[in-house]
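Enquirer: Dropping a prediction and its sequence here:
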Amino acid sequence: MFLVCYNIYMLDYEKNYPNMVIAGIDEAGRGPLAGPVVCACVIMPLQADLIIEGINDSKKLTEKKREILFEQIKEKAIAYSIVAIDEKTIDEINILNATKLGMKKAFEALSVKPDIVLVDAVKLDIDCRQDSIIKGDALSYNIASASILAKVYRDHLMKDYDEVYPQYQFAKHKGYGTKVHIEMLKTYGESPIHRKTFIKNFINKAE
């Protein structure tokens, strides 16, 4: 089943589970000061002729490449789901628990139930065998695919928020704590999508 392909190094973990339906889960947006954390779960076909060239940790790809891969992953995936957990929930239960909640919801939303889930770095409360992999988005094809889905989807959300709250320049920094973002916070105060628990700590450190 696993033939030589462009992404052979990304299939090392998948090779451990022959003849099993494998899903990957990852997130985007744990660190920003604004907007949701987005989690994606995906089951990718692993036949050599269906492997997508260039799949990697989303942080290692250009925005243009991510956008191309985003469409290819959605087209070729056996099943995928994307879930956003909003800033209010993040403030209420903290970012780690919000991330785990989003990952669990993304898993539960899959139209196909996998035999095993490969997760980037965390352990989830789900009814499925799982393997938690440190830096999994750089090691597993399925996790890397999920990381791209989550990252691009979240970037699209932040670009939409930029049209609603243009003074914060969300399209430029995607809610991360850049110098420009901090300056806009100090000038205009918080927006409805800012994480209160994040901006308080960040601004105190910056002052």
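Expert: On my side now, so go ahead. Numbering: from 1, shown residues only.
Enquirer: Just give me the neighbour total for the residue nearest to residue 35 when sequence neighbours are not counted.
Expert: Closest residue to residue 35 apart from its sequence neighbours, by Cβ to Cβ, 6 or more residues apart in numbering: residue 175 at 4.3 Å. Heads up, the C-betas are built off the backbone N, CA and C, glycines and all. Residues near residue 175, counting by other Cβ atoms under 10 Å, number 27.
Enquirer: all strands for this structure, in order.
Expert: 22-28, 37-43, 79-85, 116-120, 129-133 (DSSP state E).
Enquirer: Centre-most residue in the protein?
Expert: Taking Cα atoms, centre = their mean, the centroid of the chain lies closest to residue 27, which sits 2.6 Å from it.
Enquirer: right, and that one touches residue 103 too?
Expert: Yes - if you go by Cβ atoms under 8 Å, residue 27 and residue 103 touch, sitting 6.6 Å apart.
Enquirer: which neighbours do those two share?
Expert: Common neighbours of residue 27 and residue 103 (criterion: Cβ atoms under 8 Å, 6 or more residues apart in numbering): residue 39.
Enquirer: related to what we said a few turns ago, if I pick the closest residue to the residue nearest to the centre of the chain other than its chain neighbours, what's in contact with it?
Expert: Nearest in space to residue 27, with sequence neighbours left out and distances taken as Cβ to Cβ, 6+ apart, is residue 39 at 4.6 Å. By Cβ under 8 Å, 6+ apart, the residues touching residue 39 are 25-27, 82-85, 99, 102-103, 105-106, 150.
Enquirer: So which helix or strand of the protein has the lowest pLDDT on average?
Expert: helix 196-206 (a mean of 73; mean pLDDT, DSSP states H and E).
Enquirer: which helix of this structure spans the most residues?
Expert: helix 141-164 (DSSP state H).
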